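>>> Got a sequence here, can you build the structure:
(one chain, ligands or ions: 3)
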Amino acid sequence: MDARIDSPARRLMARLDALAAFTDDPPRLTRLCLSQAHRRAAAQFIAWANESGLDAYVDPVGNVRARYEGAAPGAPALMIGSHIDTVRDAGRYDGALGALAALSVVEGLAAAGRRLPVAVEVVAFGDEEGVRFPYTLTGSRGLAGVNEPEALEQRDASGVSMREALIAFGGDPDHLAAARAEGVVAFVELHIEQGPVLEAEGRPLGVVTAINGATRLSAVVTGTAGHAGASPMELRRDALAAAAEMILAIEARARHEPELVATVGRLDVEPGAVNVVPGRARFSIDLRAPLDERRRRAVADIAASLSAIAARRGVRLELTPTHEAPAYICHPRIVAGLESAVAAVGVGPRLLPSGAGHDTMVMGQRWPAGMLFVRCKDGVSHNPAESISQDDCALALAALTRFVEDFRPG
Ligand code: HGY
Ligand code: MN
Ligand code: MN
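Ligands and ions are numbered 1, 2, ... in the order given. This next block holds a predicted model:
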């Protein structure tokens, strides 16, 4: 690998390792939105940006932002970046790779004294995973100016509101509108694929065509807690047994339709004692599909089948939508630009959809947007085993840099 390309990648990989140390749950990597770990990671990101002469700051909605001016002051800006919040027990590349790669691209331009026809805005979003608060993507929604005001009033599992968390983080919940980005003309995000396609085909890079839409819901099943020994089976209103049947019905509906995926990632049981028939079960539902009307039809079908199970079992079901993000078709001009950048670094382009959600699906609501994927080992993500090679990191960085250098406002 050419040393000129390699050293920025080596520094980027080292920074990814360093950022992975910012966790609230050591030795696991857990850096939830607006958490202590997120605040420390944001401070580190700002310090790295400052080392390169960039004036980085936390915006009112909790993103870290920095601007590298173009040849003319006030030039229209190409925005690049990704998120630095993580899931629980996460891998170190999901999000952080794209955020730190954006910083590396600008560092390379600054080191070469290059000024482009566009300014380059770097962003490290703070709320992409939606693990701490149900309503998510508030960082990119803040930039796009599409945040719902009630987002601030939602509370996390310990009762802390997003408003309180944002103030503690250094954001400004009373001036969210000030986070709205102006003068931006496009957005691009580098991200690990989080799936097996690129690796299976021996390709280091891919260009994203579309991002699946997502619906998340919370389900609360209420039955009757009872004595495990004295309650006859036919008289029980067992909330967990009902939830189990519902979860299998959700899985069956998703298996029934190609490209539809459904996940129950969280299940809590009350009172949670070995000798008590569960009185309440809460679980999460996450549904994704490339086409919104198929996803919405699946949501309706699942709601109907869960209600039928509840009625038959004599339990109560409360089903509440908590998040909705429409599918996004990446902008053709951005896709073409990424394809030629990938070709320019000697990689045969591969177009592919994204099953995972990303901030790009929000940014695309306001500006032309697209994504560059880099292969990840075994397609594993949302898992500490998540990994990429330094060579692929170097190619991804070179391709992103090439896209930025060649980009011209439309
Ligand atoms: O859930 C997702 O698709 C993303 O990783 N937040
Ligand atoms: Mn991600
Ligand atoms: Mn993720």
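>>> Count the neighbours of Ser35 for me.
25 (other C-beta atoms under 10 Å). Any C-beta I mention is one placed from the backbone N, CA and C, and that applies to glycine too.
>>> Please disregard the earlier target; I meant Ser307.
Counted with other C-beta under 10 Å, Ser307 comes out at 13.
>>> I'd say it and Val315 touch.
No: assessed by C-beta atoms under 8 Å, Ser307 is found out of contact with Val315, at 10.6 Å.
>>> Find the residues that touch each one of the two.
Counting by C-beta atoms under 8 Å, 6 or more residues apart in numbering, no residue touches both Ser307 and Val315.
>>> residue boundaries of the strands in the stretch 1-150 of the chain?
57-58, 64-68, 77-83, 119-125 (DSSP state E, counting those that start in this stretch).
>>> Just the helices from this protein, written as ranges.
With DSSP state H applied, the chain shows helices at 3-19, 36-51, 96-111, 138-144, 162-169, 197-200, 239-255, 292-313, 332-344, 360-363, 390-406, listed in chain order.
>>> Isn't Gln36 up against Asp25?
No: between Gln36 and Asp25 there is no contact under C-beta under 8 Å: 10.8 Å.
>>> For those two, list the residues in contact with both.
In contact with both Gln36 and Asp25: no residue, using C-beta under 8 Å, 6+ apart.
>>> Can you give the domain ranges for this structure?
7-212+327-406, 213-325 (automatic domain parsing).
>>> Of those, flag the one that's most buried.
domain 7-212+327-406 (a mean of 20; mean count of other C-beta atoms under 10 Å).
>>> List, one by one, the residues from this protein near ligand 1.
Residues of the chain found near ligand 1 (C-beta under 6 Å from any ligand atom) are 128-129, 356-357.
>>> which one of the residues you listed sits closest to ligand 2?
Glu128 (5.5 Å; C-beta to the ion).
>>> And for that closest one, nearest residue in space, chain neighbours not counted?
His83 (3.5 Å; C-beta to C-beta, 6 or more residues apart in numbering).
>>> Now for that neighbour: which residues touch it?
95-96, 98-99, 124-129, 139, 359.
>>> Low-confidence regions, the stretch 301-410 of the chain specifically.
Regions of the stretch 301-410 of the chain meeting the criterion pLDDT under 70 are absent.
>>> quick one, phi/psi of the closest residue to ligand 2 within the stretch 251-400 of the chain?
Closest to ligand 2 within the stretch 251-400 of the chain is His358: 5.8 Å, counting by C-beta to the ion. Phi and psi for His358, reported as degrees, to the nearest 10, are phi -150, psi 160.
>>> let's have the chain start at 420 instead
Understood, numbering begins at 420; the last thing we discussed is His777.
>>> Is it in contact with Asn631, as I believe?
No: contact between His777 and Asn631 fails when scored by C-beta under 8 Å: they sit 9.9 Å apart.
>>> Distance of Ala563 relative to Gly767?
Distance, Ala563 to Gly767, using C-beta to C-beta, to the nearest Å: 33 Å.
>>> For the residue most central in space within the chain, give me phi and psi.
With distances taken as C-alpha atoms, centre = their mean, Glu547 lies nearest the centre of the chain, 3.8 Å away. Glu547 adopts backbone torsions of phi -100, psi -30, taken as degrees, to the nearest 10.
>>> Assess the claim that it and Asp778 are in contact.
Yes: between Glu547 and Asp778 there is a contact at 5.4 Å, judged by C-beta under 8 Å.
>>> between the two, what contacts are shared?
501-502, 556, 558-559.
>>> With pLDDT and distance to Val616 added, can I get these in a markdown table?
A markdown table is the format used below for the shared contacts of Glu547 and Asp778 (pLDDT from 0 to 100; distance: C-beta to C-beta, whole Å):
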| residue | pLDDT | distance to Val616 |
| --- | --- | --- |
| Ser501 | 98 | 19 |
| His502 | 98 | 22 |
| Leu556 | 95 | 24 |
| Gly558 | 96 | 27 |
| Ser559 | 97 | 25 |
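>>> nearest residue to the residue of the stretch 570-719 of the chain found nearest ligand 2 other than its sequence neighbours?
Distance from ligand 2 to each residue of the stretch 570-719 of the chain (C-beta to the ion) is smallest for His610, at 5.8 Å. Spatial nearest neighbour of His610, excluding adjacent residues (C-beta to C-beta, 6+ apart): Gly517 at 5.0 Å.
>>> Also Ala763?
Arg821 (4.9 Å).
>>> give the contact list for the residue nearest to the centre of the chain.
501-502, 504, 514, 555-556, 558-559, 776-778.
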